[in-house]
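**Q** For reference, the sequence and a predicted model appear below.
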Amino acid sequence: QEHQVVDTDPALSKDKPSNRKTGDVEAAFSDGDTVTMSGFYGIPVIAHCCLEPHGQVTDVKDGELYVWPSTQNVSRYTDRLGDEVGIPQNKTHVECQHMGGGFGSKFNYDRWGVAGAMLSKQTGRPVKLMLDRDLELMTAGNRPSAYAKIKVGAKKDGTLTAVDAEIWGTGGNGGYGPPPVPYVFTKIPNTNIVGKGIRTNRGGQRAWRAPNHPQGCFLTMAAMEDTAAVLKMDALEFFLKNAALTDRAEVYTEELKIAADLIGYKQKAHLRGEGGAGTIRRGIGISMHTWGGLGHPSECDVTINPDGSVEAKLGSQDLGVGTRTAIGIVVAETLGLPLQAVKVELGKNSYPPSGGSGGSTTIGGVSVSSRKAATEALNTLLQAAAPKLKVQPDALEARDGVIREIANPTNSIRWKNACALLGPNPIT
């Protein structure tokens, strides 16, 4: 059987194409006041190329599974893995304290996770199974490619009226979801978008910096810049004119103007082809982006001990971007303590569950859960300190290592002395 890897020819697509339509593109293109632009654009498949490849160390002892994976998803890494290897979920333990890059490709246990667990179970020995570089590039997933023939229609004054696009690419040997075109400009009245997937012998598609957004952005914005060039219209003026065709016109208008001012756009911009003489030309382009990411679900335990020490535990992970530090900052500031006074524990599925790290959701999730947990723990401590200070708990605050009365800061008790009032029982 042919080893299919080519994805640049739409004729290679064997699946039923998708089709999205709004309005009537042909009528829009035939309007006498319409100027059209046609272009071919594309970006290839990109491998995540993680410095630390996919894989894990696995050990089965006394009927329980221990896994030390390279993962972006500690809390839910083993979902259904127990079914694959015959070990109950409550006897599966995951720990990942540090990992060398995932970029959207390390959320699941994958085939090598099952293989490692089965080998350990069968041999009674720990098993380390990490993909070598060839296998990593071949099977560990890719950012899908995206190629397109795009025709854009706009009035002579620059108002966008129509987009007709044939988009194709590969998501590996699985299905293919064409990127969102037109991207950001979602209110163009007339569109016809055909999507074609090409199955190739590559790793399946995985997220990379917002699934499908880089592809949709590049295809759309390149075509928009070319349309402005055909109209001999300044690109910033063109984008501002069509901001009304986005879902957040006021936001994009403000952002475009701020960005243009910050980079000195007026001093650097010029119409296409006017970048000076010689073989090297300089220019400046414009692109608009969006992302709907929110903070992911997250739970956190914050413990205040009678000796004054503080611990925060949650089943998140630190991909090297400072998640531990961020959690420590949130808890420390909430409790009025220095950062070094808070011990942050994460990276284990035995801790309160937290979502996988992807789509810029981690800080939004862990900061909320750690803030809420720290606030609840502090409120309990304030209840213990209130009788000592002869005020109600809601009259107190934690600041600079002391518990003090808000209206009378001199009426205070040091943090450790307040915690000692808890007796033998910590607060969690």
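**A** Nice, thanks for sending it over. Residues are numbered from 1 along each chain as shown.
**Q** from here on, contacts and neighbour counts on C-alpha atoms
**A** Fine.
**Q** tell me the SS of the residue nearest to the spatial centre of the chain?
**A** Nearest to the mean C-alpha position of the chain, by C-alpha atoms, centre = their mean, lies Gly359 at 1.2 Å. With DSSP: H, G, I helix; E, B strand; the rest coil as the basis, the three-state label of Gly359 is coil.
**Q** any idea how far it lies from Ser316?
**A** In this structure, Gly359 and Ser316 are 14 Å apart, going by C-alpha to C-alpha, to the nearest Å.
**Q** Next up, the contacts around the residue nearest to the centre of the chain.
**A** 209-210, 293 (C-alpha atoms under 8 Å, 6 or more residues apart in numbering).
**Q** for the stretch 151-300 of the chain, which spans come out with low pLDDT?
**A** Within the stretch 151-300 of the chain, not a single segment meets pLDDT under 70.
**Q** Wait, a helix at Trp291?
**A** No. According to three-state DSSP, the state of Trp291 is coil, so it is not within a helix.
**Q** Can we start the residue count at 803 from this point?
**A** With the count now opening at 803, the last piece we talked about shows up as Trp1093.
**Q** how many neighbours does it have?
**A** A count of nearby residues for Trp1093, using other C-alpha atoms under 10 Å, gives 12.
**Q** With Lys998 instead?
**A** Neighbours of Lys998 using other C-alpha under 10 Å come to 27.
**Q** strands paired with the helix or strand encompassing it, and their directions?
**A** Following DSSP states H and E, one finds Lys998 within strand 992-999. Sheet pairing for strand 992-999, assigned by DSSP bridges, gives strand 820-824 (antiparallel), strand 962-971 (parallel).
**Q** Make JSON lines out of those strands and add mean neighbour count.
**A** Below are those laid out as JSON lines (neighbours: other C-alpha atoms under 10 Å):
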{"stretch": "strand 820-824", "mean neighbour count": "13"}
{"stretch": "strand 962-971", "mean neighbour count": "26"}
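**Q** Distance to Thr941 for those - can I get that in CSV?
**A** Shown next, in CSV, are those (distance: least, C-alpha to C-alpha, whole Å):
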stretch, distance to Thr941
strand 820-824, 26
strand 962-971, 17
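**Q** my guess is Gln1007 contacts Arg945, does it?
**A** Yes. Counting by C-alpha atoms under 8 Å, Arg945 is a contact partner of Gln1007 at 5.7 Å.
**Q** Quickly list what's touching both of these two.
**A** Common neighbours of Gln1007 and Arg945 (criterion: C-alpha under 8 Å, 6+ apart): Gly973.
**Q** would you list every one of the helices in the protein?
**A** Taking DSSP state H, the helices of the chain run over residues 827-832, 883-887, 912-925, 935-941, 1015-1032, 1037-1043, 1051-1065, 1067-1070, 1125-1137, 1164-1191, 1217-1222.
**Q** Could you spell out which stretches of the chain belong to which domain?
**A** In terms of domains, the chain is parsed into 812-849+944-1033, 857-941, 1103-1222 (source: automatic domain parsing).
**Q** distance between the ends of the longest one?
**A** Distance between the two ends of domain 812-849+944-1033: 29 Å, counting by C-alpha to C-alpha.
**Q** starting at the chain centroid, how far to it?
**A** When C-alpha coordinates are averaged (C-alpha atoms, centre = their mean, to the nearest Å), domain 812-849+944-1033 and its chain have centres 23 Å apart.
**Q** And stretch 1092-1111, by the same measure?
**A** 18 Å.
**Q** Next: stretch 902-911.
**A** Once both centres are worked out by C-alpha atoms, centre = their mean, stretch 902-911 turns out to sit 11 Å from its chain's centre.
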